[in-house]
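Engineer: let's see this in three dimensions:
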Amino acid sequence: MNFYLALAIFLIIDLLLVIYILYRRSAKKFSQKDLNFFKNEWRKITSISDGKHAVLDADKLLNLVLKKKGYMGGVGEQLKKAAKVFTNVNDVWSAHKLRNRVAHELDVQVSSGEKQQALRSFERALRDLGAL
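Structural biologist: Prediction:
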């Protein structure tokens, strides 16, 4: 009987710890300095005329915001961990996949429409995270 009581107590403590960690991760707020930095960087990104550079920089900003929120790893890993935070995680994945194509393939062209769609997705993700 003592074994089952100890096991039950252990499981309850474990569950409370997981809930606490998830709460702390989601409750993490940005400082005003961070928010100003993010907004300033976003303004710069949206003023970039070249689609490749705009998409690359938007993905870098998303990576930084996710790290500051406590999500470690590359953007792909971060997106998996933070999936429930996003209004539309599939749109964020599409924007990140475009970034990967730009970064890893030669002669990739990013049309104006692709750029605008990716930037809308990145912006929505940044808003979902409380960075904009």
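Engineer: outline the domain layout of this protein.
Structural biologist: Using automatic domain parsing, the domain parsing of the chain gives 1-30, 31-128.
Engineer: comparing the ones you listed, which yields the minimum mean pLDDT?
Structural biologist: Lowest mean pLDDT within the domains of the chain: domain 1-30, a mean of 74.
Engineer: can you pull the buried residues of it?
Structural biologist: Neighbour-count burial for domain 1-30 flags residue 30 (criterion: 16 or more other C-beta atoms under 10 Å). All C-beta spots, glycine's among them, are computed from the backbone N, C-alpha and C.
Engineer: contacts for stretch 94-113?
Structural biologist: Outside stretch 94-113, the residues that touch it by C-beta atoms under 8 Å, 6 or more residues apart in numbering are 51-52, 54-56, 58-59, 62, 75-76, 79, 114, 117-119, 121-122, 125.
Engineer: residue ranges for the helices of the chain, please.
Structural biologist: For the chain, the helices defined by DSSP state H occupy 2-27, 32-46, 51-68, 75-81, 89-104, 112-128.
Engineer: just to revisit the earlier point, of the contacts of stretch 94-113, grab the buried ones for PyMOL.
Structural biologist: Here is the PyMOL command that selects the buried residues among those (16+ other C-beta under 10 Å):
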select buried, resi 51+52+54+55+56+58+59+62+75+79+114+118+119+121+122+125
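Engineer: distance-wise, check residue 71 relative to residue 122.
Structural biologist: Separation of residue 71 from residue 122 (C-beta to C-beta, to the nearest Å) stands at 15 Å.
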